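1. please work out how this folds:
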Amino acid sequence: MHILLLATKSCSHCITFSRELNNLGIKHEVLYCEDNSDLVAKYDLRHSPNLVVDGVVVFRKQPSEIELKEYFKC
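-> Next up, the predicted model:
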């Protein structure tokens, strides 16, 4: 499973979101929209943060811990 957290460098939620993923044992990569315009276009990103799993945007916001646990079956 390939998991990307795509966010802007100024996103105030990105650090918390990444920490929550780490706490749930979910390995992920953080990429910044400013450095990855190709991904912004590919996934039609308009807000931050976004979670992409295996090439599909599964969250276009910071989900709650419950939503993450439900999605990842934690």
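2. tell me the buried residues in the longest helix seen in the chain?
-> Counting residues, the longest helix found in the chain (DSSP state H) is helix 14-23. Under the neighbour-count criterion of 16 or more other C-beta atoms under 10 Å, helix 14-23 has 14, 17-18, 20-21 buried. All C-beta spots, glycine's among them, are computed from the backbone N, C-alpha and C.
3. contacts for that helix?
-> Helix 14-23 is contacted from outside by 3, 5, 7-8, 28, 30, 48-49, 51, 62, 65, 68, using C-beta atoms under 8 Å, 6 or more residues apart in numbering.
4. now stretch 49-60
-> Taking C-beta under 8 Å, 6+ apart as the rule, stretch 49-60 contacts 1-7, 11, 13-14, 17, 28, 39, 43, 45, 47, 61-63, 67, 71.
5. give me that answer again for 6 Å
-> Residues from elsewhere that reach stretch 49-60, judged by C-beta atoms under 6 Å, 6 or more residues apart in numbering: 2-7, 11, 13-14, 17, 43, 47, 62.
6. now that stretch: buried residues?
-> 49-53, 59-60.
7. likewise stretch 65-74?
-> Residues of stretch 65-74 classed as buried by neighbour count (16+ other C-beta under 10 Å): L68.
8. quick one on the thing from earlier: tell me the mean pLDDT for the longest helix of the chain?
-> Here helix 14-23 scores 96 as its mean pLDDT.
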